[in-house]
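In: fold the following for me, if possible:
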Amino acid sequence: MTDQSLPPDQPATRKVFIKTYGCQMNVYDTERMTDVLSGQGFVATETADDADLVILNTCHIREKAAEKVYSDIGRMREIKETRASSGQSTMIAVAGCVAQAEGAEITRRAPTVDMVFGPQSYHRLPELIRQAEARAAGFGARPIATDFEADEKFEELPAASGAATRARGVTAFLTVQEGCDKFCTFCVVPYTRGAEISRSVTQVLAEARRLADAGVREVTLLGQNVNAYHGLAPDGANWSLARLLYALADIPGLDRLRYTTSHPRDMGDDLIAAHADLPQLMPYLHLPVQSGSDRILAAMNRRHTRADYLRLIERIKTARPDIAMSGDFIVGFPGETDEDFEATMSIVREVSYAACFSFKYSPRAGTPAATLATQVDEGLKTERLLRLQALINDETYAFNRSVVGRTMDVLVEKRGKRAGQLVGRSPWLQPVHFDGPETLIGQICCVNVDRTESFSLFGKALSTDRPEAGMIGSSTGRAIRITGETAR
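Out: Now for the predicted structure:
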């Protein structure tokens, strides 16, 4: 086990600033790094200007990810030099997937960086900090940790304190699976996060119970291929994601469950059945397809067809009629023709997504697609992306309009922008704004939606009193109450 104690020669309190890029899993990783560092005398700060330790928790999925990191390293170098001039020290660390993929290049191009570590190594932060401090004193080399031992990481991570968990709010992310074995030709995840690995059932349930005890009402299970979860149970059996969800639904206080991101090939019968059986499992599913063209899907190595995906959507909607779908799309994949792109536009119309994420294809070093000679012109990619996003925005707005006039359960998360306003989330992840007392934060309230603006809903609570058991929402009232037409 890594020694988590604070060295006797360190001050009682130091400040850490963590900049988080990219996906929800990075948000979770940042929170867990904060937990590790709290045992080392660090407290979080909102600015890098006064930080003793700056961590850039990077993402390698988006375009020009590495360039953005180097730009931020330059800004952190200036802060480091300014603080050094007044006798203060700042350590700079690059973490996450860019660190994993380009660790050697970072150390070559950015000598101001004190340590580099990948997403499976942040449990070693105390050791890495000590190594960086020794190097600053003239002993040893710059620490670089880019291993793939995710199971070791989860075994060694300290449990988050109740105070830390409460500070994060009434919703939380919980990583249950990491890595990917699918090897889509455009994707760097298998190279930066490694092979698929699942946390044990014991670890997941223990963390979920701690979250519930700290007042978390909604948990989103995370994984690069979360529905490929196959965690080891105490009896030696491997549990599927569906079986894990049934167990999580029995934890008192956890009223809402979600999971992301899924692959169509891992959407098993038991998981579809869980959507029908569990009222705690919210009726919103992110299921990326990436393209509507069979030719492009094959080139992407998705290993499913358009028809496969549409049949799966039909089965899911049959099991849970009120479910809303979201997805991911890549435009301008090498070799994409106008016909291929129109097939993507048509699948968006056919599925009627509630929301989607869409991106222009950008080559990633080391991936098969990056070497293809049929790269699409950048201007054409931009034109196609704008057309796709306009269609997606129309679909999203149509979905939001479809719930106007309906009454739904809303998990109240925080204060709104103006006095007396609260903001919560619908079962379909839409932000919902309404007036009420702050005592409702953390509660599930019944709200009548009377209008929509852009991507948010507005309405009136049916009661402004704090809910009690048997009334408009409570820790024991788990069913989602919907009136009006079902979601499409």
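In: quick one, what contacts residue 79?
Out: 48-49, 51, 54, 90 (CB atoms under 8 Å, 6 or more residues apart in numbering). From N, CA and C alone the C-beta is placed, and that goes for glycine too.
In: swap the cut-off to 7 Å and go again
Out: 48-49, 90 (CB atoms under 7 Å, 6 or more residues apart in numbering).
In: what strand or helix carries it?
Out: helix 65-85 (DSSP states H and E).
In: next, the buried residues of that helix.
Out: Across helix 65-85, burial judged by 16 or more other CB atoms under 10 Å covers 65-66, 68-70, 72-73, 76-77, 79-80, 83.
In: test my guess that residue 294 contacts residue 306.
Out: Yes. Taking contacts as CB atoms under 7 Å, residue 294 lies within contact range of residue 306: 5.4 Å.
In: who has more neighbours out of those two?
Out: Just comparing residue 294 and residue 306: by other CB atoms under 10 Å the higher neighbour count belongs to residue 306, 20 against 16.
In: distance check, the more buried one against residue 319.
Out: According to CB to CB, to the nearest Å, residue 306 stands 21 Å off from residue 319.
In: separation between the residue sitting nearest the centre point of the chain and residue 306?
Out: Centroid check for the chain by CA atoms, centre = their mean gives residue 24 as the closest residue, at 1.7 Å. To residue 306, residue 24 is 27 Å away according to CB to CB.
In: so what secondary structure elements neighbour the helix or strand containing residue 342?
Out: If you go by DSSP H and E, residue 342 is part of helix 338-351. For helix 338-351, the elements it packs on are helix 306-319, strand 324-331, helix 378-402, judged by 3 or more CB pairs under 7 Å, 6 or more residues apart in numbering; DSSP states H and E.
In: what does that helix contact?
Out: Taking CB under 7 Å, 6+ apart as the rule, helix 338-351 contacts 289, 291-293, 295-296, 306, 310, 313, 325, 329, 331, 384, 388, 391-392, 395.
In: could you write me a ChimeraX select line covering just the buried ones among those residues?
Out: Remark: buried members of the contacts of helix 338-351, expressed as a ChimeraX selection using 16+ other CB under 10 Å:
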select :289,291,292,293,295,296,306,313,325,329,331,384,388,391,392,395
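In: what residues are up against the residue nearest to the centre of the chain?
Out: Contacts of residue 24 by CB under 7 Å, 6+ apart are 173, 222, 260.
In: out of those, who's the most crowded?
Out: residue 222 (23 neighbours).
In: list the beta-bridge partners for that residue.
Out: residue 175, residue 260 (DSSP bridges).
In: so which helix or strand takes in residue 275?
Out: helix 269-277.
In: distance from that helix to the middle of the chain?
Out: The chain centre lies 22 Å from the centre of helix 269-277; the measure is CA atoms, centre = their mean, to the nearest Å.
In: now for the helix or strand following that helix, which elements pack on it?
Out: Heading C-terminal from helix 269-277, the first helix or strand you meet, by DSSP H and E, is strand 284-286. Secondary-structure packing of strand 284-286 (3+ CB pairs under 7 Å, 6+ apart): strand 324-331.
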